[in-house]
Each structure stands twice: as structure tokens, then as C-alpha cells.
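K.L.:
return atomic coordinates for the entry below.
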Amino acid sequence: MRKFGLIGYPLGHSFSKKYFTEKFSREHIENCSYENYPLTNIGQLTDLIKDKSLEGLNVTIPYKSAVINFLYSADPDADTIGAVNVIKIHRRNNETELHGFNSDITGIRETLLPVIDNRIKNALVLGTGGSSKAVCFVLDSLSVPYTLISREKKPSCLTYSELTTDLIRNSRLIINTTPLGMYPNISRKPDIRYELLGSKHILFDLVYNPEITAFLKMGQERGCTVLTGLKMLYSQAERSWEIWNSDSF
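P.N.:
Below you'll find the predicted structure:
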């Protein structure tokens, strides 16, 4: 049996196991399983990979950056971002090597491409974690300027209290990369002035459970275009499967 899975903590919000289990059934992929591995400490990864049937892992909050210290190598994009959400496990001559990749890039780009145009003069990126780094990487590749927003004062970031009326109104694209609004705390949302949003705004939430988060619901009520995290989930999952099964990686 070929084993794959997801590491992070907690994992009650994740659809990855459901997605891959249904994929294996739908596409008649035999002798494969996908499990959740809730690790309370990233150091537990060392024991997990002793299972020689395990061939690949996805990585989610809060370990996308911390896991890099356990890798034999990271691909250039993941290394540039400083975040990994896919691990391919190579086993040779009793040696185990972990190779890291970032499939979030694929999911984010495929979600944003249909809505990106030259009217977007600036984006607001809410959050500064591993997912935020992937979002910024994609925005850079699409030549979209952005402003980082953090709860705490950090270099090259604004805090939520520093968001001005003009900045919110003139940033047509607003992306939530934080876990705010994720199941089971579905009523939570980023602390921005939603009354300033209108039909010109595009809101993208990387949270996918629930599909319409409190953040996106506030945008819908004000006529914004909303992008859910499900397309990103599906795209990055398929990219993960490609990485695990291709000799090119």
C-alpha cells in the first residue's frame, strides 16, 4: 500500500483526506491511501517517516516554514518563498531523503489569473505566514504591487490599525492568508473596514472550510467579486499528486 497524508495541527478543518480518498475511488487508483497526521510538534515528523510505505506528505498550518529544517532539499521556488507544502519522500539504500515543494503557487496562480488585469494597482495581503509568502511570490510574478498587513508591527508591513480609507478603497484585490474564519471558528474574520468595500473589489480567501467564510460573506453583501479557497485546494492537490508520481521531481 502506497501511503500519503497531511501533517499540521489541528487538522479538523482539512478536506485533503476526503479529496484524495474520492480521487482514488473515482479514478480507480488502487493500493493508495491518504491519512491525516496531526503533529503537535514538528519534531514528530522524524518518527512518522520511519513508515517505509509513506511516499509523500502535504504540509499545512503551522509547519510550512518549520518543516524546511527537516528537508534534504527544497525546489528553488519553495526555497525563495521559505515555505513548503509538499514533501516527496525518496528512499535509497536505507537512506530517507525529504524533498520539498510548494504547490500553493499553482493553486493561487490558477485562482487569480482569470481576475487579474491592469485595473488592479495594488493588493492587500492579510497575514505574513507561509501561505502569505506564496501569495506574494505569485503577485510578484504577475507584476501586481501589494501591501502586507499584520496584526503585529513588522518591517515592511502595516498593521490593521494603519489601514487608511484610501488604501482600502484603492486596493481592488484583498487576499486573506490567515486562518481567521476557518472551521470551527467560522464567525471570525480579518479586522478591516468592510463598509469601504464595493463592486470594484475582489476578495480571495485561502480558507476553504467553510467555502464562503465570514470575510467573503461581508464582501458579497457589498457587491464584491469573491474567490473561494476550493479552487486553490483542488489545484494544489493535483500538483501534489503530480510531484509524488513523476520522476521529474
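
K.L.:
give the buried residues for the longest helix anywhere in the chain.
P.N.:
When the chain is scanned for its longest helix (criterion: DSSP state H), the result is helix 230-245. Under the neighbour-count criterion of 16 or more other Cβ atoms under 10 Å, helix 230-245 has 231-241, 243-244 buried. All C-beta atoms are positioned from the backbone trio N, CA, C, and that covers glycine.

K.L.:
between those, which is nearest Ser14?
P.N.:
Among these, Leu233 lies closest to Ser14 (Cβ to Cβ), at 9.3 Å.

K.L.:
just give the nearest non-adjacent residue to that closest one, would you?
P.N.:
If the residues on either side of it in the chain are set aside, Leu233 comes closest to Tyr208, at 4.9 Å by Cβ to Cβ, 6 or more residues apart in numbering.

K.L.:
over to Leu148?
P.N.:
Cys157 (4.4 Å).

K.L.:
where does the one you found land on pLDDT?
P.N.:
Cys157 is assigned 95 on the pLDDT scale.

K.L.:
distance check, it against Ile174.
P.N.:
Taken as Cβ to Cβ, to the nearest Å, the spacing of Cys157 relative to Ile174 amounts to 15 Å.

K.L.:
circling back to that earlier point, right, and the residue nearest to Leu148 touches Val125 too?
P.N.:
No: using Cβ atoms under 8 Å, Cys157 is not in contact with Val125; the gap is 9.3 Å.

K.L.:
who's more crowded, those two?
P.N.:
Val125 (24 against 17; other Cβ atoms under 10 Å).

K.L.:
tell me the average confidence for the one helix or strand the more buried one maps to?
P.N.:
Under the criterion DSSP states H and E, the helix or strand holding Val125 is strand 123-126. Strand 123-126 shows a mean pLDDT of 98.

K.L.:
list of residues touching that strand?
P.N.:
132, 135-136, 139, 144-149, 163, 167-168, 171-178, 190, 192 (Cβ atoms under 8 Å, 6 or more residues apart in numbering).

K.L.:
same thing with stretch 181-198?
P.N.:
Stretch 181-198 is contacted by residues 12-13, 124, 126, 149, 160, 163, 165, 168-169, 174, 176, 178, 180, 203, 205, 207, 209-210, 213-215, 218-219, 222-224 when judged by Cβ under 8 Å, 6+ apart.

K.L.:
now the end-to-end length of stretch 90-104.
P.N.:
Length of stretch 90-104, first residue to last, Cα to Cα, to the nearest Å: 21 Å.

K.L.:
angle of whichever strand or helix holds Lys17 against helix 230-245?
P.N.:
Lys17 belongs to helix 16-26 when assigned by DSSP H and E. Here the directions of helix 16-26 and helix 230-245 differ by 70 degrees (axes from the mean of the first three to the mean of the last three Cα atoms, to 10 degrees).

K.L.:
what separates helix 16-26 from the chain centre, distance-wise?
P.N.:
On the basis of Cα atoms, centre = their mean, to the nearest Å, helix 16-26 sits 19 Å off its chain's mean C-alpha point.

K.L.:
so for it, mean pLDDT?
P.N.:
96.

K.L.:
which element follows that helix toward the C-terminus?
P.N.:
Immediately after helix 16-26, counting by DSSP H and E, sits strand 32-38.

K.L.:
pLDDT score assigned to the nearest residue to His90 once chain neighbours are set aside?
P.N.:
Distances taken as Cβ to Cβ, 6+ apart put Glu97 closest to His90, at 4.4 Å, once the chain neighbours are dropped. Per-residue confidence (pLDDT) for Glu97: 97.
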